[in-house]
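Visitor: Got a predicted structure here, sequence first:
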Amino acid sequence: MNSVKDLLATKPGGFWSISPHSKVIEALRLLSEKNVGALLVMEGDALVGILSERDYARKVALMGKTAMDTPVSDIMVSPVVTVTLQQTQEDCMTIMTEKRMRHLPVVNNGRVVGLLSIGDLVKSVIQEQQETIQRLYNRF
């Protein structure tokens, strides 16, 4: 089973973030521009929240607010559930399933070092299964 460190090593480096004081419209533009489903909400180096497309749909659009006037801090999820580099792929899948989350920030020594998505985990599981099938096939 892959560790979070192994999973991050297969991804391009970095993650996208936004300030809690930014307006939601800025977050939506960044989500669209970077083609991602979530942004980390950071104050300096401190992780203070996470904002996803789902948060916008449920907390702005459906509540009659506007993206132009609403600050990110009003709709972000906080506190944020995080994982460490030492945790496993299975740990991440369990957390995401139980908490109904699609994105998990990765923290090392109190600093954010990456972001895993459910897609990253599914890709890894598929790759593991393909490798297992190939090993079994090669035995016979």
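Guide: Everything's here; your move.

Visitor: Any stretches of the protein with poor pLDDT?
Guide: For the chain, the stretches with pLDDT under 70 are 1.

Visitor: State which helix of it is the longest.
Guide: Longest helix in the chain by number of residues, with DSSP state H as the criterion: helix 118-139.

Visitor: Report the buried residues of stretch 119-136.
Guide: Going by neighbour count (16 or more other C-beta atoms under 10 Å), the buried part of stretch 119-136 is 120, 121, 124. For glycine as for every other residue, the C-beta is placed from the backbone atoms N, C-alpha and C.

Visitor: As TSV, the residues you listed with distance to residue 110 would be great.
Guide: As requested, the buried residues of stretch 119-136 are exported to TSV (distance: C-beta to C-beta, whole Å):
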residue	distance to residue 110
120	23
121	24
124	26
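
Visitor: In space, not sequence, find me the middle residue of the protein.
Guide: Centroid-nearest residue in the chain, with C-alpha atoms, centre = their mean: residue 103, separated by 2.6 Å.

Visitor: If it is in a bridge, with which residues?
Guide: residue 117 (DSSP bridges).

Visitor: Distance check, it against residue 69.
Guide: Distance of residue 103 to residue 69, computed by C-beta to C-beta, to the nearest Å: 25 Å.

Visitor: cool, and residue 99?
Guide: 29 Å.

Visitor: Also residue 60?
Guide: Distance from residue 60 to residue 69, by C-beta to C-beta: 10 Å.
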